[in-house]
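1. Sequence first, predicted coordinates after that:
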Amino acid sequence: MSDQQLTCEELVEIVTEYLEGGLSDAKRERFEEHVVVCSGCANYLDQIRITIELAGRVTVDDLMEESKIELLAAFRDWRRE
Amino acid sequence: MIAWKFLAPGAIGPFSRVTWPTPTEGVPGLWLEAQVHPCASGIHACEASDLPFWLHAELWEVELEGPVVRTGRKVVAPRGRLIQRIDAWDRGAMHDFCEDCEMRVEEYAVQSDEAAAYVADLADDVEDCHAAAAGDDASRAAEAAGGGVLRNAERIAQSRFLVARLGLDGGD
Amino acid sequence: MDAPETRYAPPPGQAAIVEALKRGDERTFSDLVAEFSPSMLRVARTYVSSRAVAEEVVQEAWLGVISGIGRFEGRSALKTWIFRILTNIAKTRGEREGRSVPFSSVGGREGEGEAAVDPDRFLDAGRWAGHWTSAPSRWPELPEEQLVGRETVGVVEAAIAALPEVQRTVITLRDVEGWSSEEVRNALDLSETNQRVLLHRARSKVRKSLEGYLDGVQT
């Protein structure tokens, strides 16, 4: 069997590396060639992209207002010194 | 340098997801510089022998500028622009490509039981009109029947089919 | 003469921000607190036992920033400097609570050998060994309503909240907050490999949760 070709199981393990630009040129090419051929993996890659995009819409916990007010007071005190 | 590029529907890069500026009224699309996205190292394009590996929904003629480097199964350049869509690459051509692969796989199947296993896969590919899969399955069948040499020959046959069928005149 | 690559160049705009802080500009300080506190909370939470303690740590860190800003020389990014202050305080606090340093064993115990996708999803044997048994389906393209609806984002949020602490921190900083890989590595003192492994595991789990939800919804 052609040892160059990626399996789907191998591909899902290197998806993050691919998106980070961490794959060698040769490996990236194998990755992309596989995605072109395999609709399952094409869908998987899209799913990861969608996951990342949705994560970007999550709102995060923030400090409470009182805490922020306290900090601003401390900052003013420091400035006065 | 003139080369070719496969794109997703809407002239979208299949990996970068960048929308390519398309030509209007005979004027080439705007130049695209090498993308900032980390998984692209520049503008990627195909010469004739590369075509079977990258089959996708749309085929475009692309002009590349700057030092063009061949690396693996593609050429890479710092910038490129779309010249014209190769309309001949339509669903009919995809279907014909699949059937062409199927025909050769049937011959490989005669020589090798391992290759014969791919006949059913090719039948599915023809029905789905999935050209990229057909090309890949046919190359695996060729390899099963005759090793790397036959696999390479299969890919050359695929490339020749595309060039002839789409009128690409052997490219650059 | 310094080669350009070896001299640190601060992010554009940083010099102005630092100068404003040193002058005591309250607006700049408030903006900074607003911008960084959520991430600081997330990072602190990795080190300590509770949300309440994490908040205390963040408060302390900001006080440290106030007292130290006069001496800040801009030899590193402001963000990196602030997060170093934070992680030092968080580590100390965590140790006092008897917790072990969370990033010290990143490559080891945590999630050792876990696969991005259940091995059941791939064929074991035959010529298609390693290929999908049941291939992932095509999700609706964003921004269709179903996909960006609050419920779907909620599923992602819950999945992130359920992650092991360190994976949660990395995916929050990278994908929720939009930090670069380099910023995360600097702030958490992680190698490229470690950061990537954590991010990979986190994203894989979140995708899986999303898949479960969407497959159920798409009847």
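-> It's in.
2. Would you map out the domains in chain B?
-> B:2-85, B:91-166 (automatic domain parsing).
3. wait, residue C:152 sits on residue C:213?
-> Yes - Residue C:152 lies in contact with residue C:213 (C-beta atoms under 8 Å); the separation is 7.2 Å. (Each C-beta comes from the backbone N, C-alpha and C, glycine too.)
4. Comparing the two, which shows the higher neighbour count?
-> Between residue C:152 and residue C:213, residue C:152 has the larger neighbour count (other C-beta atoms under 10 Å in any protein chain shown), namely 22 against 17.
5. dump the residue contacts of residue B:52.
-> B:135, B:139, B:155, B:158-159, B:162 (C-beta atoms under 8 Å, 6 or more residues apart in numbering or on different chains).
6. The nearest residue to it once chain neighbours are set aside: neighbouring residues, count only.
-> Of all residues not flanking residue B:52 in the chain, residue B:158 sits nearest, at 3.9 Å (C-beta to C-beta, 6 or more residues apart in numbering or on different chains). By other C-beta under 10 Å, the residues close to residue B:158 number 25.
7. who are the neighbours of whichever strand or helix holds residue B:158, in terms of helices and strands?
-> Per DSSP states H and E: residue B:158 is located in helix B:131-166. Packing contacts for helix B:131-166, counted by 3 or more C-beta pairs under 8 Å, 6 or more residues apart in numbering or on different chains; DSSP states H and E, involve helix A:25-37, helix B:91-111, helix B:113-116, helix B:118-128.
8. If we use 10 Å, what do you get?
-> Packing partners of helix B:131-166 (3 or more C-beta pairs under 10 Å, 6 or more residues apart in numbering or on different chains; DSSP states H and E): helix A:25-37, helix A:39-55, strand B:2-7, helix B:91-111, helix B:113-116, helix B:118-128.
9. Next, the buried residues of the fourth one.
-> In this case it means helix B:91-111. For helix B:91-111, the buried set under the neighbour-count rule, 16 or more other C-beta atoms under 10 Å in any protein chain shown, comprises B:93-98, B:100-102, B:104-105, B:108-109.
10. ok, is that helix in contact with chain A or not?
-> No - Helix B:91-111 stays clear of chain A (C-beta under 10 Å from any C-beta of the partner chain), getting no nearer than 12.5 Å.
11. Give me the contact status of that helix with chain C.
-> No - using C-beta under 10 Å from any C-beta, helix B:91-111 stays clear of chain C, with a minimum separation of 13.8 Å.
12. helix/strand/coil for residue C:193?
-> helix (DSSP: H, G, I helix; E, B strand; the rest coil).
13. Make sure it is actually in contact with residue A:22.
-> Yes - Residue C:193 lies in contact with residue A:22 (C-beta atoms under 10 Å); the separation is 9.0 Å.
14. surely residue C:205 meets residue C:161?
-> No - judged on C-beta under 10 Å, residue C:205 makes no contact with residue C:161 at a distance of 11.4 Å.
15. who's more crowded, those two?
-> More crowded of residue C:205 and residue C:161, by other C-beta under 10 Å: residue C:205, with 22 against 10.
16. Who are the contact partners of residue B:121?
-> B:102, B:105, B:133-134, B:136-138, B:140-141, C:127-128 (C-beta atoms under 10 Å, 6 or more residues apart in numbering or on different chains).
17. and the residue of chain C nearest chain B?
-> For chain C, the residue closest to chain B is residue C:127, as judged by C-beta to the nearest C-beta, at 6.4 Å.
18. Quick check: residues of chain A near chain B?
-> By C-beta under 10 Å from any C-beta, the residues of chain A that approach chain B are A:1-2, A:5, A:17-23, A:25-26, A:28-39, A:42, A:45-46, A:49.
19. Narrow these to those that are buried.
-> Neighbour counting by 16+ other C-beta under 10 Å classes A:5, A:17-20, A:22-23, A:28-39, A:42, A:45-46, A:49 among the residues of chain A next to chain B as buried.
20. Just the pLDDT at the closest residue to residue A:4 other than its chain neighbours, thanks.
-> Residue nearest to residue A:4 in three dimensions, not counting chain neighbours: residue A:30, with 6.2 Å by C-beta to C-beta, 6+ apart. Residue A:30 is assigned 95 on the pLDDT scale.
21. ok, now residue C:146?
-> Residue C:146 carries a pLDDT score of 63 in this model.
22. can I assume residue B:134 is in contact with residue B:119?
-> No - judged on C-beta under 10 Å, residue B:134 makes no contact with residue B:119 at a distance of 12.0 Å.
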